[in-house]
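Q: I'd like to go over a predicted model; first the sequence, then the structure.
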Amino acid sequence: MPELPEVQAHAERLTEQFRGRTLTGFRPITFTALKTALPEPADAYGHQLVTVGRRGKYLLLEFEPVTFAIHLMQGGRLQPDEKQAAKPRGGQARFLFDDGPALLLTEQGSERRAGVWCLPSNVALTSPPLDVLGPEADRLTPEQLAALFEEHPNQRIHGFLRDQRSIAGLGRRLANEVCHRGKISPFAMTRKLGLDGASAVVEAIVATVAEGLEYERSRPDMSSSKDRPGGVHGRTGEPCAVCGDTVRAVEYSGYTVSYCPTCQTGGKVLADNTTSKFLK
Ligand SMILES: [Zn+2]
């Protein structure tokens with residue numbers, strides 16, 4: 001799933017390409033693409049695209065009256081569309097402009113969860129679905145993060161980092177990378193981390209996001225997850241680049257927690273829950 005660096009760099013790319021273009025149409029291709037009833041997308045027709053912003057993992061197509069919030073979920077993409085085929089592969093919705101290419105939202109795979117929310121621009125950030133998002137992950141001070149740990153005392157740090165209501169922008173991949181870079185067990189409880197733990201996590205988030213952004217900005221289009229930089233995510237069984245220990249994983253349905261025992265858990269190899277449940 002695209003996370004903060006991928007979405008941010010893509011927002012910058014789209015701003016470069018589409019800013020100032022006048023919207024002439026919004027065409028949902030599937031019934032589920034548009035998630036809101038009011039305001040209507042037509043309210044933006046005749047208005048110029050001010051910018052493409054970002055909040056958490058949402059892209060924000062900002063027009064003066066309305067803002068389109070777009071979530072790409074797992075396999076979604078929002079890309080210039082020269083051809084405007086009648087039935088584009090994985091097509092979800094299309095934005096039409098006065099001249100030049102359209103913008104096409106596609107989602108590959110069968111999940112069909114990507115979507116578009118049309119929000120009044122003056123209250124976009126406080127409207128659903130953006131209203132429940134926590135603060136931007138890379139803008140936190142250690143004190144703010146420590147306060148959030150106190151508000152959410154009973155979460156594992158890996159789960160906390162992925163929970164968009166706690167902090168916004170990180171997902172499964174960056175949660176793995178932040179814990180590794182911060183030398184923190186992914187299973188550490190938030191209530192036990194304190195200000196020192198919060199400082200380590202803030203430093204790790206800032207460095208990890210900066211690394212991702214630098215990579216992402218060097219590319220003409222959004223990367224695929226296997227190409228993104230990192231130390232542990234998707235590297236189970238490989239040697240840790242920091243210490244040489246073997247990167248381990250705990251599997252859950254839908255995601256994998258990857259970690260280095262020497263860097264993060266005092267050398268302890270955590271039980272793989274996919275097998276250890278039979279031992280209880
Ligand atoms: Zn290591």
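A: Arrived safely, thanks for sending. The model shown is predicted, which means the values in this text are computed figures rather than measured ones.

Q: helix, strand or coil for Leu270?
A: The three-state assignment at Leu270 reads coil, by DSSP: H, G, I helix; E, B strand; the rest coil.

Q: where does the stretch 151-280 of the chain dip in pLDDT?
A: 272-280 (pLDDT under 70).

Q: Within range of the ion, give me the residues from it.
A: Cys240, Val242, Cys243, Asp245, Cys260, Thr262, Cys263 (C-beta under 5 Å from the ion). From N, CA and C alone the C-beta is placed, and that goes for glycine too.

Q: Could I have the CA atoms of stretch 164-177 written out in PDB?
A: Extracted in PDB, the C-alpha atoms of stretch 164-177 (Å, rounded to 0.1, in the frame of the first residue of the first chain):
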ATOM      1  CA  GLN A 164      -4.500   6.100  11.300                       C
ATOM      2  CA  ARG A 165      -6.600   7.400  14.200                       C
ATOM      3  CA  SER A 166      -3.400   7.500  16.400                       C
ATOM      4  CA  ILE A 167      -1.000   9.000  13.800                       C
ATOM      5  CA  ALA A 168      -1.600   9.400  10.100                       C
ATOM      6  CA  GLY A 169       0.500   8.300   7.100                       C
ATOM      7  CA  LEU A 170       2.300   5.100   8.100                       C
ATOM      8  CA  GLY A 171       1.300   1.600   7.100                       C
ATOM      9  CA  ARG A 172       2.600  -1.900   7.500                       C
ATOM     10  CA  ARG A 173       5.800  -1.300   5.700                       C
ATOM     11  CA  LEU A 174       6.900   1.900   7.500                       C
ATOM     12  CA  ALA A 175       5.700   0.500  10.900                       C
ATOM     13  CA  ASN A 176       8.300  -2.300  10.300                       C
ATOM     14  CA  GLU A 177      11.000   0.100   9.200                       C
END
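
Q: Does Glu107 touch Met73 like I think?
A: Yes: with contact defined as C-beta atoms under 8 Å, Glu107 and Met73 form a contacting pair (6.8 Å).

Q: Ala69: helix or strand, and which one exactly?
A: strand 66-71 (DSSP states H and E).

Q: Which strands or helices does that strand pack on?
A: Judged by 3 or more C-beta pairs under 8 Å, 6 or more residues apart in numbering; DSSP states H and E, the packing partners of strand 66-71 are strand 58-62, strand 115-120.

Q: tell me which residues in the strand or helix carrying Glu6 are buried?
A: In this assignment (DSSP H and E), Glu6 forms part of helix 4-18. Neighbour counts over helix 4-18 (16 or more other C-beta atoms under 10 Å) mark 4-15, 18 as buried.

Q: now what about it, what contacts it?
A: With contact meaning C-beta atoms under 8 Å, 6 or more residues apart in numbering, helix 4-18 is reached by 2, 49, 51-54, 56-61, 72, 78, 80, 97, 103, 136-138, 169-170, 174, 209, 211-213, 215-217, 219, 221-223, 228.

Q: mind redoing it with 7 Å?
A: 49, 51-54, 57, 59, 80, 103, 137-138, 169-170, 174, 209, 212-213, 216-217, 222-223 (C-beta atoms under 7 Å, 6 or more residues apart in numbering).

Q: returning to that earlier point: just tell me which of the helices and strands packed on strand 66-71 ends up closest to Leu148.
A: Among those, the nearest to Leu148 by C-beta to C-beta is strand 58-62 (20.1 Å).

Q: Paired strands for that closest one, with orientation please.
A: Strand 58-62 pairs in its sheet with strand 51-55 (antiparallel), strand 66-71 (antiparallel), by DSSP bridges.

Q: correct me, but Gln48 touches Gly20?
A: Yes: at 5.3 Å, Gln48 counts as touching Gly20 under the criterion of C-beta atoms under 7 Å.

Q: Neighbour count: the two, which is higher?
A: Gln48 (15 against 10; other C-beta atoms under 10 Å).

Q: what are the phi and psi angles of the more buried one?
A: phi -80, psi 150 (degrees, to the nearest 10).

Q: and Ala200, helix, strand or coil?
A: helix.

Q: With respect to Ala33, which of the strands paired with strand 58-62 lies nearest?
A: strand 66-71 (9.7 Å).

Q: buried stuff in the closest one?
A: By 16+ other C-beta under 10 Å, the buried positions in strand 66-71 come out as Val66, Thr67, Phe68, Ala69, Ile70, His71.
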